[in-house]
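Visitor: Just to be clear, the model below is a prediction. Sequence and coordinates:
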Amino acid sequence: MISFKVNSASVSYEGDSDTPLLWVLRDHLQLTGSKYGCGIGQCGACTVHVNGSAQRSCITPVSTVAGQSITTIEGLASADGELHPVQKAWLEIDVPQCGYCQAGQIMATADFLKKYPRPSDQDIDENITNICRCGTYVRIRKAIHRAAELAGSGA
Amino acid sequence: MIMAINKAEIGMERIDKSRRRFLVSGTTIAGSFLIGLPALSLSKDGDGGLLDGARQIGFFIEINTDGSVIIGSNQPEIGQGVHTALPMLVAEELDVEWSKVSVRQMPLGIVKTEDGYAWKYGGQGVGGSTGLTDNWEFMREVGATARQQLIRAAAARLNVPASSCRTEPGYVLCDAPAGKIPYGDLVAEAARLDMPDKSPPLKEMKDYRIVGKAQNAIDVIDIVTGQARFGIDTIEADMRYAVIARSPYLNGSVRSFDDSKARKVAGVLDVFRIDGPALGEPYLILANGVAVVATSTWAAIKGRKALTVEWDAGPNATDNSDDFWKQNEEMLKSEGQIVIDDGEYEQAMSVADKVVSRQYQVPFVSHQPLEPQNCYAHVREDSCHVIAPTQMPSGASRAAAAVTGLPRENIRVDMTRVGGGFGRRLTNDYVAEACMISQATGWPIKLQWTREDDVKNDFYRPAGLHEMRAGLDSTGKVIAWAQRLASASKYYRRPNMTDERLYQAELYTDDFPRRIVHNMRLEYFHNTIGLPRGSWRAPAHTANAFVIQSFLDEIAHETGQDPLQLRLDLLGEERELEYGNHGGPTFNPGRLSRLIKFVADRIDYGTERPDGCGVGIATHFTFGGYAAHAFEVEVSPQGELSIERIVAAIDCGFAVNPQAVEAQLQGGTIDGISTALGLEITVKDGQVQQSNFHDYPLLRIAALPSAFETHILPYDETPTGVGEMGIPSSAPALTNAIYAATGIRIRRLPIGDQLRQAMAS
């Protein structure tokens, strides 16, 4: 049995230890906000935080997160329900089209801004590699800058 | 929540049959005022017990006692913004605050009639950029009618004429005696009033508060918090999970399989054959294969990996892309089917001062919505329940009926939010597969495709080799024009299709320059290959805009003309030309002139650029809407391409939601770039060679410049669709810019490593 935390709650999984974390989240814990896109770590739709760092859960065997703390899109807002600055920026800039990749984009950005609190466009180009098939990249770029502003002002 | 509504409550006797789509009103058990299309009006015997009371009214608006408004959407949301745009129209005329409005997805609604099936809730399905234009009048009429009923209810209560009342958002106001009544207080009385015979007058555009103003999409909060439910998120009681090992060979089949190891995988419940349609028959499903059913998605995937299948490679085992292209070349050496022959083409070419001829190659590409195909199905003896991300729910119903043999009125189709359409989900092969598996096992199942399944099994955009010919007079004016196309038509394997009509999916005969160049010929050659073909966003426009807008540039350069001026000379001033293809009935080339002048101006078209830098332009009319692009690029001596600046402009008549129009224009432009840069599906020995995003590389953010502007140029008071207009002129503007920067003409898509190779030689 593999035990870990998801969005501050203790959970355990008794299935195969090679099961990707993504499918444990989606099928076993019924947390469907993290999406399956490619299964090989290419698109980033499945991005979650493992101990605060963005990780692609489709290529993360559940055995490797034993004892770790996972945050998914469902747990990104603070406990009192206040949205994370990245979520606020995504709402304000109206980023999504189909919306399928956006949980991954948001989780990737939330971690990225910890390392690059005032990112340049080049920083974004070099670090944000998630795929959006609808092509919302213009607004994603804008929303990343807006999120940096919101986070910087303590919003 | 809408509660049960009986026929008396929704006032069936008050239907005015003279209207194209008539409205009814009623109350819910919770006391809300409901107005909408009658779900039962076409059905003699009710709904056969399949649907519960909550679904007995069709497209609806529900005004609650607290003043909030719920609008039901009969159309699925695929990212095009229909769940926002249609309610905006209702809310404008109803006169409520936009913040009070929420949207609920309606299921598919069909009823059996004497000669087939009819829509309960109006036509359902999204494709061809028609969702908004089809509903533009009607949605406003619904809102205006509801507002009028509320005014009448207030007038009756205050005992004043209705004409002395007016509204402000959420309230009916009366001056004498002074009164201000919230809508929520009037719902019970409004619901009891007779419906009017005709719609009240609609607002004038200058009075709009919601429509025409930028509105955020209505359900973004659900997306950014992970609460939005896509098809893949479906979880139903007792549900099992399924995947299919499909034949890797196009039209291949299962010779035998060994499932002994697969059945030992923990969680695997069942393994069995899935048989597709006979060769040449319309596609119900795409491939023969072996289904694996398990207690979780991962167990099913692991079970599939443990299968040993011996495939019969079938009739397309020797298909190769290289051969396909050679066949196209050979075909163009003969005479094909002349589908348009205007004026005196041969004679004009024979007297032409100069003839320019070029060939362009447009590849097969795949849709790849980011949500892979999936479907929930539960087939019972006498009914079937489908939950699917689909662009065409009626097709889902037909697919389920074809598999199960059940009457369609016994098949319930619920629609989820859709993780991208792009035309892929106009076909419902994955619904048929899910029904086959549920029927075989008796279990409710969710079928999941992996990305590899999605890349290798698709209705690909047709590939073709285009030969363009233009005859010019001594002044450089184009006096004769021909497009000769050898392609694998998407109409192949369509029901009731004749060979003579295959070209219709590949050449839209009234496209520019029809009726502008009067000596014109379009010629078609049908080639074939084992790859299934289908509709890919803006279908043939993506190929033809690339070809025509590249060719115009080549004519200009070869004859010493300016590419912008050559286009302006051909397009000319505003005038309506007959246009019989989808998006008609007319095409106004002057609207393209205005757009291309605008984008050229924005990008400083006439300014000299340093070596390795260049600007390109293109414009195209797509399904009723107009767009143009200008790109500025830099290409290094090693052939590294950098897009420096993009200007995109659209004329969609009137922009109902400018924020969504901008999004579609950005997305379409990027789709065009992504596809032109690196996307191609190829076949070797009867198998698709690509498998996932490492070898089918959708564009990432780094390829795009920070300088990316979009402009909406208003035209008149009639909105066109916007979902497909942004894509066709994007790729040729890019490749025209590459030519301006380097002198390298891209005549074969995708661009791939052509620049590096050309620079190296």
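Guide: Arrived safely.
Visitor: Point out the residues in the stretch 301-450 of chain B that sit beside chain A.
Guide: Counting by CB under 8 Å from any CB of the partner chain, the stretch 301-450 of chain B comes close to chain A at B:302, B:368-372, B:417-422, B:448, B:450. Every residue, glycine included, has its C-beta placed from N, CA and C.
Visitor: nearest to chain A, of these?
Guide: residue B:419 (3.2 Å; CB to the nearest CB).
Visitor: how about the closest one, what does it touch?
Guide: Going by CB atoms under 8 Å, 6 or more residues apart in numbering or on different chains, residue B:419 touches A:35, A:98-100, B:79, B:230-232, B:369-371, B:389.
Visitor: and the residues you listed as CSV, adding neighbour count and secondary structure?
Guide: As requested, those are exported to CSV (neighbours: other CB atoms under 10 Å in any protein chain shown; DSSP: H, G, I helix; E, B strand; the rest coil):
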residue, neighbour count, secondary structure
A:35, 29, coil
A:98, 28, coil
A:99, 28, coil
A:100, 30, coil
B:79, 28, coil
B:230, 21, strand
B:231, 26, helix
B:232, 24, helix
B:369, 25, coil
B:370, 29, coil
B:371, 30, coil
B:389, 33, coil
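Visitor: Between all of those, which two are at the greatest distance?
Guide: Across those, the longest distance by CB to CB is 14.8 Å; it joins B:79 and B:232.
Visitor: OK, now which residue of chain A is nearest to chain B?
Guide: residue A:33 (2.3 Å).
Visitor: which SS class is that residue?
Guide: Recorded secondary structure, residue A:33: coil (DSSP: H, G, I helix; E, B strand; the rest coil).
Visitor: Tell me the spatial nearest neighbour of it, not counting adjacent residues.
Guide: Closest residue to residue A:33 apart from its sequence neighbours, by CB to CB, 6 or more residues apart in numbering or on different chains: residue B:226 at 2.3 Å.
Visitor: got it, and residue A:130?
Guide: residue A:44 (3.3 Å).
Visitor: what are the phi and psi angles of the one you found?
Guide: Per-residue torsions, residue A:44: phi 80, psi 10 (degrees, to the nearest 10).
Visitor: From residue A:102, how far off is it?
Guide: 11 Å (CB to CB, to the nearest Å).
Visitor: Out of the two, name the residue with the larger neighbour count.
Guide: residue A:102 (30 against 24; other CB atoms under 10 Å in any protein chain shown).
Visitor: got the phi/psi numbers for that one?
Guide: According to degrees, to the nearest 10, residue A:102 has phi -70, psi -30.
Visitor: Output the below-cut-off pLDDT ranges for the chain.
Guide: Picked chain A for this. Within chain A, the stretches falling below the threshold (pLDDT under 70) are A:155.
Visitor: my question was about chain B
Guide: Ranges of chain B meeting pLDDT under 70: B:1-22, B:37-59, B:128-131.
Visitor: how about the residue nearest to residue A:33, what does it touch?
Guide: Counting by CB under 8 Å, 6+ apart, the residues that residue B:226 touches are A:31-34, A:72-74, A:76, A:103.
Visitor: same thing with residue A:24?
Guide: Here residue A:24 is in contact with A:13, A:15, A:62 (criterion: CB under 8 Å, 6+ apart).
Visitor: swap the cut-off to 6 Å and go again
Guide: A:13, A:62 (CB atoms under 6 Å, 6 or more residues apart in numbering or on different chains).
Visitor: For it, give its distance to residue A:45.
Guide: Separation of residue A:24 from residue A:45 (CB to CB): 16 Å.
Visitor: In chain B, which residue sits nearest chain A?
Guide: Closest point on chain B to chain A, by CB to the nearest CB, is residue B:226, at 2.3 Å.
Visitor: coming back round to it: could you export the contacts of residue B:419 as JSON lines, including distance to residue B:530?
Guide: Output for these, formatted as JSON lines (distance: CB to CB, whole Å):
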{"residue": "A:35", "distance to residue B:530": "31"}
{"residue": "A:98", "distance to residue B:530": "30"}
{"residue": "A:99", "distance to residue B:530": "35"}
{"residue": "A:100", "distance to residue B:530": "30"}
{"residue": "B:79", "distance to residue B:530": "31"}
{"residue": "B:230", "distance to residue B:530": "31"}
{"residue": "B:231", "distance to residue B:530": "28"}
{"residue": "B:232", "distance to residue B:530": "29"}
{"residue": "B:369", "distance to residue B:530": "23"}
{"residue": "B:370", "distance to residue B:530": "26"}
{"residue": "B:371", "distance to residue B:530": "26"}
{"residue": "B:389", "distance to residue B:530": "27"}
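Visitor: Just name the closest of those residues to residue B:629, please.
Guide: residue B:79 (21.0 Å).
Visitor: Now for the nearest residue to residue B:344 once chain neighbours are set aside: which residues touch it?
Guide: Leaving out its chain neighbours, the residue that sits closest to residue B:344 by CB to CB, 6+ apart is residue B:519, at 5.6 Å. Going by CB under 6 Å, 6+ apart, residue B:519 touches B:343-345, B:348, B:480.
Visitor: Among these, name the buried ones.
Guide: Buried by 16 or more other CB atoms under 10 Å in any protein chain shown: B:345, B:348, B:480, out of those.
Visitor: Check the secondary structure at the last one for me.
Guide: Which is residue B:480. strand.
Visitor: Looks like it contacts residue B:350 (just checking).
Guide: No. Assessed by CB atoms under 6 Å, residue B:480 is found out of contact with residue B:350, at 9.1 Å.
Visitor: And the helices in chain A, which stretches?
Guide: Using DSSP state H, the helices of chain A run over residues A:21-23, A:85-93, A:102-115, A:121-127, A:137-152.
Visitor: what comes up buried for stretch B:262-270?
Guide: For stretch B:262-270, using 16+ other CB under 10 Å, the buried residues are B:262, B:265, B:267-270.
Visitor: Looks like residue B:587 contacts residue B:622 (just checking).
Guide: No. The pair residue B:587 / residue B:622 is not scored as a contact, 10.4 Å apart, by CB under 6 Å.
Visitor: And for residue B:151, the neighbour number?
Guide: Residue B:151: 24 neighbours (other CB under 10 Å).
Visitor: Any chance of the backbone angles for it?
Guide: Residue torsions, per degrees, to the nearest 10, at residue B:151 are phi -60, psi -40.
Visitor: what residues does the stretch 1-150 of chain B put near chain A?
Guide: Contact residues (CB under 6 Å from any CB of the partner chain) of the stretch 1-150 of chain B with chain A: residue B:79.
Visitor: all strands of the stretch 1-150 of chain B, in order?
Guide: B:24-27, B:33-38, B:57-63, B:69-73, B:101-105, B:110-113, B:116-119 (DSSP state E, counting those that start in this stretch).
Visitor: Just send those back as TSV, with mean neighbour count too.
Guide: Listed next are the strands of the stretch 1-150 of chain B as TSV, based on neighbours: other CB atoms under 10 Å in any protein chain shown:
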stretch	mean neighbour count
strand B:24-27	24
strand B:33-38	25
strand B:57-63	26
strand B:69-73	23
strand B:101-105	17
strand B:110-113	18
strand B:116-119	14
